[in-house]
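Participant: Coordinates only, no sequence provided:
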DNA sequence: TAGTGGTCTAGACCACTAT
DNA sequence: TAGTGGTCTAGACCACTAA
């Protein structure tokens, strides 16, 4: 029997993308269903499914049972942002990393943060502020609130030795979280720490993380001027 | 025959994540191979494969043929950033969108841009500048260079009617691209357009896109103060 | 209610790579 | 060279939803 090498799902995916790109399948239009394509390509339906699922995950197709598969009208491109541990991000750029712990105390968080985390606004959280360096130049300023109800061991940890960032990754992995990216002017204090001037444009990342239903931490990272986050589409 | 409902790959994925989270599988340690887990869960190997593949895509496992599967030491969390068409982003927030085309001319791009796109630095590109509004307040300022060699129809298009952003999505879909996110101070011109003051911290997105080996466009989007990009982990 | 995608199975072979 | 993940198949049943 002549059994030519089976067609790969990647090849089918590429062909699907070509048809979308070349308008053989028109935006908003229905495309053949899986069984039909499987016959056309001479492969199993599962193989077609894998290829179409990928295209749908990437936003190029919209799939619904019974209704079939359509080409997305306005493909929403998805970029993947990688959020590494700060130390590894710095070292990955070939620089030396170190950090200074500037503050560590139990206190009542700002209303806004307590609300966002959904915890008692009069409760206490562990408040940490630290400055991270890359090659002894200030890299970012970290302002963090840790929920001791979720991570009690944090109270007994010396965060001048391990950064809270890294300690949490190792000891209190979160299940999910929200991130926001923005720009903000440096205030006087931040300007001093980050070796810039008040009002300088800082790249700011805010992150709230949860372990199941339990809030873990709220952190604000203010990057020194010049920083840019990269990603590919 | 008693055939209890087959176990789902999602259930196996959840159990895998639980074992990682609860340290039953230690960071850096090897985990049982697929065949073994399939036997444990009483399912087909393909089902286990689907679950472990997902965990690996999300950065929690590292898989290599022959070497087996290990728990990642420093899970690099991946956030998914959605890049919608600007009009839809504004309208999705319940606001009215419109835009003004401020400039449209063929000219020689800055060296830096020509180099990044890998094209003749003396060639001409279509240069567009436009201002986008949300509810008649300035939303972002767009500075775009389009490569006419890749998208010749752009030369005959009236970008005061359709935004270049949307037109390109519909007429010149790209295959891949680079994105950078940063913060920058507003210059005098931008400050005027975005109704803010010179030096104000702007959130800036730069994007370069390609169709196969052919550069399509370089765009810089400067968002009015107050903008934040959101994502979930 | 019927059509389409979502998933599982049991088995097979392939591809990569540690040893 | 052998062990492990990557993928394909042919078939089956399930889940959702448009009509």
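Facilitator: Right, received. Where do you want to start? Note that the structure is predicted; figures quoted are calculated from it, not measured.
Participant: only C-alpha atoms for contact and neighbour calcs from this point on.
Facilitator: Fine.
Participant: Report the contact partners of the spatially closest residue to residue A:154 that is not a sequence neighbour.
Facilitator: Excluding the flanking residues, the one nearest residue A:154 by CA to CA, 6 or more residues apart in numbering or on different chains is residue A:148, at 6.7 Å. Residue A:148 sits next to A:125, A:126, A:154, A:155 when contact means CA atoms under 8 Å, 6 or more residues apart in numbering or on different chains.
Participant: what secondary structure does residue A:148 sit in?
Facilitator: Three-state assignment for residue A:148 (DSSP: H, G, I helix; E, B strand; the rest coil): coil.
Participant: quick one: it and residue A:108, what's the gap?
Facilitator: To residue A:108, residue A:148 is 12 Å away according to CA to CA, to the nearest Å.
Participant: which neighbours do these two share?
Facilitator: In contact with both residue A:148 and residue A:108: residue A:125, using CA under 8 Å, 6+ apart.
Participant: how would you label residue A:127: helix, strand or coil?
Facilitator: Residue A:127 ends up strand, using three-state DSSP.
Participant: The nearest residue to it once chain neighbours are set aside: how many residues sit nearby?
Facilitator: Spatial nearest neighbour of residue A:127, excluding adjacent residues (CA to CA, 6+ apart): residue A:145 at 4.7 Å. Residue A:145 has 27 neighbours, counted by other CA atoms under 10 Å in any protein chain shown.
Participant: likewise the one 5 residues further on?
Facilitator: Residue A:150 sits with 16 neighbouring residues when counted by other CA under 10 Å.
Participant: Let me know the pLDDT of residue A:5.
Facilitator: pLDDT for residue A:5: 64.
Participant: now residue A:128: how far from residue A:145?
Facilitator: For residue A:128, the distance to residue A:145 - CA to CA - is 6 Å.
Participant: need the helices for chain A, in chain order.
Facilitator: Counting by DSSP state H, chain A has helices at residues A:9-21, A:34-41, A:45-57, A:86-92, A:111-117, A:164-171, A:188-193.
Participant: domains for chain A, by residue range?
Facilitator: Following automatic domain parsing, one finds the domains of chain A at A:9-71, A:86-223.
Participant: Now mean pLDDT and distance to DNA strand C too, for these, in CSV please.
Facilitator: Putting those into CSV (pLDDT from 0 to 100; distance: least, CA to the nearest atom of the strand, whole Å) gives the following:
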stretch, mean pLDDT, distance to DNA strand C
domain A:9-71, 94, 3
domain A:86-223, 94, 20
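Participant: out of those, deepest packed?
Facilitator: domain A:86-223 (a mean of 18; mean count of other CA atoms under 10 Å in any protein chain shown).
Participant: how long is it end to end?
Facilitator: Domain A:86-223 end-to-end distance (CA to CA) = 11 Å.
Participant: Residue B:227 is nearest to which of the domains of chain A?
Facilitator: domain A:86-223 (6.4 Å; CA to CA).
Participant: thinking residue A:35 is in contact with residue A:47, fair?
Facilitator: No: using CA atoms under 8 Å, residue A:35 is not in contact with residue A:47, being 10.4 Å away.
Participant: rewinding a little: next, format the domains of chain A as JSON lines and append distance to residue B:96.
Facilitator: Below are the domains of chain A laid out as JSON lines (distance: least, CA to CA, whole Å):
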{"stretch": "domain A:9-71", "distance to residue B:96": "24"}
{"stretch": "domain A:86-223", "distance to residue B:96": "22"}
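Participant: closest to residue B:220 out of those?
Facilitator: Closest among these, using CA to CA: domain A:86-223, at 15.2 Å.
Participant: can you list the residues of chain A near chain B?
Facilitator: Contact residues, chain A versus chain B (CA under 8 Å from any CA of the partner chain): A:21, A:74-85, A:169-170, A:173, A:176-185, A:199-203, A:225-233.
Participant: Can you name the residue of chain A nearest to DNA strand D?
Facilitator: residue A:8 (2.5 Å; CA to the nearest atom of the strand).
Participant: Could you pull up the contacting residues of the closest residue in space to that residue that isn't next to it in sequence?
Facilitator: Leaving aside its chain neighbours, residue A:8 sits nearest to residue A:47 (7.3 Å; criterion: CA to CA, 6+ apart). Neighbouring residues of residue A:47 by CA under 8 Å, 6+ apart: A:8, A:9, A:38.
Participant: pretty sure residue A:108 is touching residue A:120, no?
Facilitator: No: when contacts are counted by CA under 8 Å, residue A:108 is not listed as touching residue A:120 (9.5 Å).
Participant: residues near residue A:224, how many?
Facilitator: 27.
Participant: Looking at the residues of chain A next to chain B, which are in strands?
Facilitator: A:77-83, A:176-185, A:201-203, A:228-232 (DSSP state E).
Participant: shouldn't residue A:59 be in contact with residue A:77?
Facilitator: Yes: under the criterion of CA under 8 Å, residue A:59 makes contact with residue A:77 at 6.4 Å.
Participant: how close does the nearest residue in space to residue A:177 that is not next to it in sequence sit to residue A:122?
Facilitator: Take residue A:177 and drop its neighbours on the chain: the residue closest to it by CA to CA, 6+ apart is residue A:209, 4.1 Å away. Counting by CA to CA, the gap from residue A:209 to residue A:122 is 20 Å.
Participant: what do you get for residue A:9?
Facilitator: 55 Å.
Participant: Residue numbers of chain A in contact with DNA strand D?
Facilitator: Contacts of chain A with DNA strand D, taken as CA under 7 Å from any atom of the strand, map to A:6-10, A:42-47, A:50, A:64-67.
Participant: still on that earlier bit, just to check, the residue nearest to residue A:177 is in contact with residue A:176?
Facilitator: Yes: in this structure residue A:209 lies within contact range of residue A:176 using CA under 8 Å: 5.8 Å.
Participant: Which of the contacts of residue A:148 sits closest to chain B?
Facilitator: residue A:154 (16.9 Å; CA to the nearest CA).
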